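>>> Sequence plus predicted model, see below.
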2 protein chains.
Amino acid sequence: GSQGAPQLRAWRGRIGAELDAAVEFWERHSHDPEHGWDPKNYPPELPQIPQIWVYSRLYRTVPRFRRPELIQAARKAGEFLQSHARPQAGSTRAAFALSRDGRPERLQRSFYSEAFCALGLDELGRATGESKYRAWARGWALAVWGWARGSPMELGRPRFSGTPPQQALAQPMMVLKVGLQLLGDPRDPPGDPDPEAEAMAEWGARQLLLHLQRGDSVVLENVSPEGEELPGSLGRLMNPGHALEGAWLLLQFCQRRGDAELGARAVTALLEGPLKWGWDPQHGGLFYFLDADGHCPTQLEWSMKLWWPHLEAMVALLAAHLFQPQPSLISQFLQLAQFTFDKFRDPEHGEFFGYLNRDGSVALSIKGGPYKGCFHVARALLMCEEMLGAILEREGAAGEK
Amino acid sequence: GSQGAPQLRAWRGRIGAELDAAVEFWERHSHDPEHGWDPKNYPPELPQIPQIWVYSRLYRTVPRFRRPELIQAARKAGEFLQSHARPQAGSTRAAFALSRDGRPERLQRSFYSEAFCALGLDELGRATGESKYRAWARGWALAVWGWARGSPMELGRPRFSGTPPQQALAQPMMVLKVGLQLLGDPRDPPGDPDPEAEAMAEWGARQLLLHLQRGDSVVLENVSPEGEELPGSLGRLMNPGHALEGAWLLLQFCQRRGDAELGARAVTALLEGPLKWGWDPQHGGLFYFLDADGHCPTQLEWSMKLWWPHLEAMVALLAAHLFQPQPSLISQFLQLAQFTFDKFRDPEHGEFFGYLNRDGSVALSIKGGPYKGCFHVARALLMCEEMLGAILEREGAAGEK
């Protein structure tokens, strides 16, 4: 076995236990016996859509989560979503927030709600074996892809003569994510070829690479659709968390295509880079936003430490090590996992704090909010647990004490 | 003279010097020799519209600022604005951001840009004596008032069946502000009666009062248009800075109307209340957002300390003391002014920092950004200098050493 094996085994156990606790937390706090969700103090919003993905994926792939109540909740939520999310009948859009009884409350000027509908319903279809869910998912996915390539006008954001055409990193990343979801992963039974999903993933990967700039030394959040830098603070904005999430998605794409060269580029530019320039040398942790020229970002929350970039970094480090083993990736994972659990885990009430001040103190005590729900913590822990298992197995250390 | 007179005189001097420095700062950094504004690292945005108000008001009312270059800059900016702000010809809307050469870049789904056009151009008309500017201003003002009372659809924010009708505190406050601007202040030569502007101010004041809730013990940022609490975190949101800004605007309205009773209510509910429940007992300073039930707000920046609420508080305390003298208001002013200057003033580069972390450390070093420009600091310092003069004069202490 490798040198780090005992530590990796310990982390696999710790992460698995944390995943159990997180799922229990959301089962206890987020179900509405009447409508499928319990809004408590906060209204049902975007984060509850990807919860369908989490429950379905856990049910399908992790034996200890193969509980009927989990897939029942996901199914109920999926049906609720499909019948209530559209702001008007016939619309291809999904509301960002619904009232408790399922009336649309708010619509974003982006396509992320719709992308999460695609992700959640596709996974629900795989978990239940019911084809209608995957058909619904494909409908959302195609709408997303259309918006990503086409006019943003339909999303309610008119483009003015003074606005340079622009692409946000999250746009191709979401398309890549949805494409990969539709394609399924290696553990799925091989399905029919899906050229549409292949094209989505391909387009997403290619457009994502346009955000690697200045000889791959920075990852810019906003570029022109042709991959040129945009003027001003908008063009200089960086979001290390998005780069890190893009890293493991691109690695999944490269794994599929057997593209070792592109994978190596993803590791260098989207993982190692952001872990350097995105890291706070003073207090530790990843900044939320940075400016590529070292100016102060204009976002008030730029120096805060958010839970999800740290979890994405954990996932990306293990994905990179699985793609191309390298001891430094494991030591970085061990450090980052320790930092993340120390700072973000809430030992008192369970689950993870979402928002810390720069100095690491808790800024927001909420576990659920407009952009934080069950998704990021559970997905990352599930992926880390799986990947740690695969790494230990590969190194022949799975069974060692 | 009163007991606090020497301190008030010292503050009048300090504030006047700071105003001089602030204006010099913006004259040096924000003028574009080619187009009227110098965008430097940040594009020209909303904050530059109210700069027209600042320059014009200073020119008109403060002898030492009666410099031709100041009113020339305001005039150039006003003309630039009037010819370039509309997203399309014939539109009643104003863009939030323009490209350097004056093409519309971004439109907000609110009417604050248009309200600032009204304020700036009306003041420019008063300062120059040219009636066309005030006619332009009235056009913007009437559009604002229409949106405030009417459908928000035109602003690009469709209302869905699950969205309760709602009014944000800033909406009536802006209408009140614009109404009072159109009416002019006591130092203006009496003009023709202006029933339209009176009605705007009246409507703004009445609707503003709907945000005083729970027996005036809280000021809620969002209520129904009939003044009922809204469900969830949206309905519980409080913004002490907005309440404090509302306080002095309402006092100006009460002064005009001779309504001592409403004025007393404004002092209690909009000034003294927010200074209590909005104050951070641990580090001092006013929070940006709070939850009326003591829950954690969902805004990432809720615990940050922003420059403008502290400046609005200084203005409100002096306005309250002028309205109805009370020694505690002066001692509160002295404390707050000291806190504000200590924490926000940048002794090295001039002007004020806009955004501090909860503990008082500087979070953003920028002086100009999407929501921070010349307006808040200069307006507040100007008003404080004027009001300190009036207070000292009233107390017969103006000339004392």
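In hand now; what should we look at? Residues are numbered from 1 along each chain as shown, chains lettered A, B, ... in the order given.

>>> which residue sits closest to A:Glu202 in space, ignoring its chain neighbours?
A:Gly179 (7.5 Å; CB to CB, 6 or more residues apart in numbering or on different chains). For glycine as for every other residue, the C-beta is placed from the backbone atoms N, C-alpha and C.

>>> That neighbour and chain B: what is the separation?
Computed as CB to the nearest CB, to the nearest Å, the A:Gly179 to chain B distance reads 30 Å.

>>> can you tell me which helix or strand that residue belongs to?
helix A:170-183 (DSSP states H and E).

>>> tell me which parts of the stretch 201-350 of chain A are close to chain B?
A:231-234, A:295-298, A:300-304 (CB under 8 Å from any CB of the partner chain).

>>> Name the member of the residues you listed with the most neighbours.
A:Thr298 (25 neighbours; other CB atoms under 10 Å in any protein chain shown).

>>> That one belongs to a helix?
No. Applying DSSP: H, G, I helix; E, B strand; the rest coil, one finds A:Thr298 to be coil, outside a helix.

>>> can you give me the helices in the stretch 251-400 of chain A?
Remark: helices assigned in the stretch 251-400 of chain A by DSSP state H, counting those that start in this stretch are A:260-265, A:273-277, A:307-323, A:327-344, A:375-394.

>>> Check which helices and strands the longest one is in contact with.
The one in question is helix A:375-394. For helix A:375-394, the packing partners by 3 or more CB pairs under 8 Å, 6 or more residues apart in numbering or on different chains; DSSP states H and E come out as helix A:5-29, helix A:48-61, helix A:307-323.

>>> that older thread, and the angle from the helix holding A:Gly179 to helix A:48-61?
Angle, helix A:170-183 to helix A:48-61, by axes from the mean of the first three to the mean of the last three CA atoms, to 10 degrees: 30 degrees.

>>> Which residues does the helix or strand following helix A:170-183 contact?
Counting by DSSP H and E, the next helix or strand C-terminal to helix A:170-183 is helix A:195-209. Contacts of helix A:195-209 with the rest of the structure, by CB atoms under 8 Å, 6 or more residues apart in numbering or on different chains, involve A:141-142, A:145, A:148-149, A:167, A:169, A:171-180, A:182-183, A:225, A:227, A:246, A:249-250, A:253, A:256, A:262.

>>> mind redoing it with 6 Å?
Contact partners of helix A:195-209, identified using CB atoms under 6 Å, 6 or more residues apart in numbering or on different chains, comprise A:Trp145, A:Pro172, A:Met173, A:Val175, A:Leu176, A:Gly179, A:Leu180, A:Leu182, A:Leu183, A:Gly246, A:Leu250, A:Phe253.

>>> for the helix or strand that that helix is followed by, what is the average pLDDT?
Next in sequence after helix A:195-209, counting helices and strands by DSSP H and E, comes strand A:212-213. The average pLDDT within strand A:212-213 is 98.

>>> Strands of the stretch 51-200 of chain A, residue ranges please.
Counting by DSSP state E, counting those that start in this stretch, residue ranges of the strands within the stretch 51-200 of chain A are A:97-98, A:104-106, A:167-168.

>>> ok, the last one: who's next to it in the sheet?
Meaning strand A:167-168. Neighbouring strands of strand A:167-168 in its sheet, by DSSP bridges, are strand A:222-223 (antiparallel).

>>> The partner strand - what's its average pLDDT?
Taken as a whole, strand A:222-223 has a mean pLDDT of 97.

>>> tally of neighbours for the residue in the stretch 1-150 of chain A that chain B sits nearest to?
Of all residues in the stretch 1-150 of chain A, A:Arg103 sits closest to chain B, at 3.0 Å by CB to the nearest CB. A:Arg103: 14 surrounding residues under other CB under 10 Å.

>>> Skip the chain neighbours and tell me the closest residue to it.
That would be B:Gly162: by CB to CB, 6+ apart, it lies 3.0 Å from A:Arg103.

>>> Can you give me every residue that contacts the spatially closest residue to A:Met173 that is not a sequence neighbour?
Distance criterion CB to CB, 6+ apart; nearest residue to A:Met173, sequence neighbours excluded, is A:Gly246 at 5.2 Å. Applying CB under 6 Å, 6+ apart to A:Gly246 gives the contacts A:Met173, A:Leu208, A:Leu270.

>>> likewise A:Gly120?
A:Ile49, A:Pro50, A:Ile52, A:Trp53.

>>> How many residues are close by the residue nearest to A:Glu202?
A:Gly179: 26 neighbours (other CB under 10 Å).

>>> how far away is it from A:Trp145?
8 Å (CB to CB, to the nearest Å).

>>> which one of the contacts of A:Gly246 sits closest to B:His310?
When the contacts of A:Gly246 are ranked by distance to B:His310 (CB to CB), A:Met173 comes first, at 39.5 Å.
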